[in-house]
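1. Here is my input; please provide its structure:
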Amino acid sequence: MRIVELIIEKDIDGIDAVSVVDFPAIESNFIALNKEHEIKLAQVDSEKRILMGAALIPNKQIYRKVEEDEFYVFFSKDTVKKASELFLQNGNQSNATLQHQSKIDGMTVVESWIIEDEQMDKSKKYGFSLPVGTWMISMKVENDEIWQKVKDGEVKGFSIEGFFADRLQMQKDEELINQIIEILNNGR
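-> The predicted model follows:
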């Protein structure tokens, strides 16, 4: 099965929103999973309704199926970092959806960082064991309906929404352009 690297190129804004979902594609919940997959919510402060979790994990292969085409996608450390920066620069902190379908109000990213040290990172305090380069976020949940879904275990993680280029397609496009230039130059 092919593996495709997703990248951010000029004129691509990256991540538009963060969705709360039942099964995050990056397989990392707002929680830490032990070997038996028991769920323990990583609530920074349940009174303040703040959740913490991974938004993107570098080099994590994510399965995709588009019609009959099956493949994996992944993001490099550089793309994860660039996506996290563009998300904040573009002011998307309060753009949130439920299950990638309906826009929801009352959800805001209040903290964002890239893990730089697996042992000394703040995420360790909350039971996460994630690689260097992971984009972590904390979200404030002021939406009562969503908070109830969190408490009921209906939503377990974050999933990003956005636009990325496909490195494989970019290479094919570049090869095609080079072939056209060669044909034009040889035609003179």
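2. For the chain, just list every one of the helices.
-> In the chain, the helices defined using DSSP state H lie at 77-89, 122-125, 144-151, 167-186.
3. Point out where the protein drops to low pLDDT.
-> Along the chain, segments meeting pLDDT under 70 span 10-13, 23-46, 166-188.
4. same thing but 80
-> 6, 8-16, 19, 21-47, 64-66, 162-188 (pLDDT under 80).
5. Okay, strands next: where are they in it?
-> Assigned by DSSP state E, the strands in the chain fall at 3-7, 14-21, 31-33, 39-41, 43-45, 50-56, 62-66, 69-75, 96-98, 102-104, 107-114, 135-141, 157-163, 165-166.
6. Now render those as TSV, adding distance to Asn90 and mean neighbour count.
-> C-beta coordinates here come from the backbone N, C-alpha and C atoms, glycine included. Output for these, formatted as TSV (distance: least, Cβ to Cβ, whole Å; neighbours: other Cβ atoms under 10 Å):
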stretch	distance to Asn90	mean neighbour count
strand 3-7	17	16
strand 14-21	8	21
strand 31-33	28	19
strand 39-41	29	14
strand 43-45	25	16
strand 50-56	14	24
strand 62-66	22	11
strand 69-75	17	16
strand 96-98	14	20
strand 102-104	16	13
strand 107-114	12	17
strand 135-141	15	23
strand 157-163	10	20
strand 165-166	17	16
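7. okay if I get the ones you listed as JSON lines plus distance to Met120?
-> What follows is the strands of the chain, written out as JSON lines (distance: least, Cβ to Cβ, whole Å):
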{"stretch": "strand 3-7", "distance to Met120": "29"}
{"stretch": "strand 14-21", "distance to Met120": "25"}
{"stretch": "strand 31-33", "distance to Met120": "17"}
{"stretch": "strand 39-41", "distance to Met120": "22"}
{"stretch": "strand 43-45", "distance to Met120": "18"}
{"stretch": "strand 50-56", "distance to Met120": "16"}
{"stretch": "strand 62-66", "distance to Met120": "27"}
{"stretch": "strand 69-75", "distance to Met120": "23"}
{"stretch": "strand 96-98", "distance to Met120": "30"}
{"stretch": "strand 102-104", "distance to Met120": "34"}
{"stretch": "strand 107-114", "distance to Met120": "12"}
{"stretch": "strand 135-141", "distance to Met120": "13"}
{"stretch": "strand 157-163", "distance to Met120": "23"}
{"stretch": "strand 165-166", "distance to Met120": "34"}
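8. The closest residue to Ser138 other than its chain neighbours and Gln101, how far apart?
-> Among residues not flanking Ser138 along the chain, Glu111 sits closest, at 3.7 Å (Cβ to Cβ, 6 or more residues apart in numbering). In this view, Glu111 and Gln101 are 26 Å apart by Cβ to Cβ, to the nearest Å.
9. Val21 now?
-> As judged by Cβ to Cβ, Val21 and Gln101 stand 10 Å apart.
10. for Ile57, same thing?
-> For Ile57, the distance to Gln101 - Cβ to Cβ - is 23 Å.
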